[in-house]
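S.K.: Structure of the sequence below:
(one chain, ligands or ions: 1)
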Amino acid sequence: MLRLLRDPNLIHPEKLTLLLNIANLAETLGMSCYLVGGSVRDLLLGRPINDLDVIVEGDAIKLAKKLVEVYGGKQTPHFKFRTAFWHVPNSDHVVDLITARIESYEKPGALPMVAPSTIEEDLRRRDFTINAMALRLDGKDMGEVLDPLGGKADLERGVIRVLHPNSFLDDPTRIFRAIRYEVRYGFAIEPETLRLINPNSLKILESLSGERLRNELNLILDENLSAQMMRRVAGLGVLNFIHPKMPEFDQTYSDYLEMDLNLDIESDRRAMGFILWFMDLSEEDIFLLVNRLDFSNEMSLNVWSGAQLKRSLIHLAGSPPSVWTYALEKLPLLAIYAVYLVSHEDALLSYISIWRHVKPHTAGNELKAMGLAAGPRFGEILLRLRSAWLDGEVNNETQEKELLARLMRGE
Ligand code: CTP
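M.R.: Predicted structure coming up:
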């Protein structure tokens, strides 16, 4: 395992140094120190690791404080779970420092109660065998893999297996996690684990907060194979438990998630995902889902605009550019682009790349200078000039000034 840890293709040498410094300091504090969870899984799969989850038998907050004392940076403690983030100085690395703990769930789906414990106990509170391994970082056993639950064998077999039958009842967000790992790695959810994804565990999803559910959907949308994951989510009957109106993701839209936006629109895979996902819903259903998932105003506007615009296309088809422009102007560009992708309506692309930038040369202060008092007429004239440009009624500044003169004469 030391070989994997030292492989610069899997872990950046800078990060390795960081890990070893943490481990050395932990050792001086008498805490054994491990890399844990997803990073161990990915190292064993030969995949590069990004997140550093470090666990100690001891007190992670104490270790974080010491790290700040010795190396600088800052730490953010989380007292309830006795975890801390260490923000490494002069870099954007953040290391997640965890105190080995046992967890108990007061009621299904609730956040767990915790108490400090050993690494072995800590591994037992985790979601799947493949995530329940630890790699020793300090002392003479450095490089040793702790695998009490058969994670390595399951990695080799390619299976996702829970550690105990109540795992999804304790935390039904693990249903989404199982699907993410299954599709991401081309694994299979092991049959007994699959049987545990049933109405008993799914029902608990109904009691989860919008934020927790949305977070899981976001994590799926962040993945390369998100459309496939969403198909699996639907196939396992999960959608109805998120909300009865939750639609399936249209798989024919999946390529659109991969679109590289070259159109000075800020790309946002999550927003694009939800716009596409909800595009064919009625306004009422969007309202229900936006509430269930506790969307931000911005995200709500995105999904609402996408669906609204798609429905309006039939009325807008064949309209002159000025009509398109005024219809689109208040809508988020990403929603317009999403509707373009699914409809191939050229006017939407023309709007994004050309029409929205078209403005008359005449400015408000020129109208003032011409003796026009500020008021609604002001806006009307500027709008009329802009439409004239958009619809090809004027094509140069002279023509614009001629039109302006006519408008000022009230013609
Ligand atoms: N974990 C868990 N149950 C959860 C969430 C997390 O047991 N509901 C544990 C798993 O051991 C997991 C670790 O916490 O490996 C870290 O969680 P996270 O960072 O969300 O996952 P990663 O394993 O890093 O996976 P990913 O590559 O998807 O980020």
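S.K.: Could I get the full set of helices for the stretch 301-411 of the chain?
M.R.: Per DSSP state H, counting those that start in this stretch, the stretch 301-411 of the chain carries helices over the ranges 321-328, 333-343, 346-353, 364-369, 376-390, 397-408.
S.K.: cool, the stretch 151-300 of the chain as well?
M.R.: Using DSSP H, counting those that start in this stretch, helices in the stretch 151-300 of the chain cover 151-157, 167-170, 173-185, 191-195, 199-205, 210-221, 226-235, 239-242, 269-277, 283-292, 297-316.
S.K.: Return the residues of this structure in contact with the ligand.
M.R.: Within reach of the ligand by CB under 6 Å from any ligand atom, the chain has these residues: 37, 38, 51, 53, 126, 127, 131, 171, 173, 174, 177, 180. Placement of C-beta: from N, CA and C, glycine included.
S.K.: wait, which of the helices of the stretch 301-411 of the chain is closest to residue 31?
M.R.: helix 333-343 (46.7 Å; CB to CB).
S.K.: which outside residues touch the closest one?
M.R.: Where contact means CB atoms under 8 Å, 6 or more residues apart in numbering, the residues beyond helix 333-343 that reach it are 253, 256, 259, 261, 263, 265-268, 271-272, 275-276, 279, 301-303, 305-306, 309-310, 313, 328, 345, 348-349, 351-352.
S.K.: Show me what counts as buried in it.
M.R.: 333, 334, 335, 336, 337, 338, 339, 340, 341, 342 (16 or more other CB atoms under 10 Å).
S.K.: quick one: which two of those are the most distant?
M.R.: Among the buried residues of helix 333-343, 333 and 342 lie farthest apart (CB to CB), at 15.4 Å.
S.K.: who's in contact with residue 40?
M.R.: Here residue 40 is in contact with 133, 134, 135, 145 (CB under 8 Å, 6+ apart).
S.K.: What residue, apart from its backbone neighbours, is nearest residue 88 spatially?
M.R.: Nearest residue to residue 88, sequence neighbours excluded (CB to CB, 6 or more residues apart in numbering): residue 73, at 5.0 Å.
S.K.: Please tell me I have it right and the one you found contacts residue 85.
M.R.: No: using CB atoms under 8 Å, residue 73 makes no contact with residue 85, being 9.9 Å away.
S.K.: can you list the domains in this protein?
M.R.: 1-153, 158-242, 247-355, 364-408 (automatic domain parsing).
S.K.: And the longest one, how far out from the chain middle?
M.R.: This means domain 1-153. 23 Å (CA atoms, centre = their mean, to the nearest Å).
S.K.: okay, how far is it across it, tip to tip?
M.R.: Start-to-end span of domain 1-153 (CA to CA, to the nearest Å) is 15 Å.
S.K.: and it, average pLDDT?
M.R.: The pLDDT scores in domain 1-153 average 93.
S.K.: Could I get the contacting residues of the residue lying closest to residue 27 once chain neighbours are set aside?
M.R.: Using CB to CB, 6+ apart and skipping the chain neighbours, the partner closest in space to residue 27 is residue 138 (4.3 Å). For residue 138, the contacting residues are 23, 24, 26, 27, 32, 33, by CB under 8 Å, 6+ apart.
S.K.: Swap in 10 Å and give it another go.
M.R.: By CB atoms under 10 Å, 6 or more residues apart in numbering, the contact set of residue 138 is 19-20, 22-28, 31-34, 56.
S.K.: Quick check: residue 10 touching residue 35?
M.R.: No: taking contacts as CB atoms under 10 Å, residue 10 lies outside contact range of residue 35: 11.7 Å.
S.K.: joint contacts of those two?
M.R.: Joint contacts of residue 10 and residue 35 (CB under 10 Å, 6+ apart) are 43, 49.
S.K.: Between the two, point out the one with more neighbours.
M.R.: More crowded of residue 10 and residue 35, by other CB atoms under 10 Å: residue 35, with 25 against 20.
S.K.: who does that one bridge with?
M.R.: residue 54, residue 135 (DSSP bridges).
S.K.: Common neighbours of residue 73 and residue 85, please.
M.R.: With CB under 10 Å, 6+ apart, residue 73 and residue 85 have common neighbours 64, 94, 95.
S.K.: hey, where'd the strands end up in the stretch 51-200 of the chain?
M.R.: Secondary structure of the stretch 51-200 of the chain (DSSP state E, counting those that start in this stretch): strands at 52-57, 74-78, 83-87, 94-99, 101-104, 113-116, 134-136, 145-146, 159-160, 188-189.
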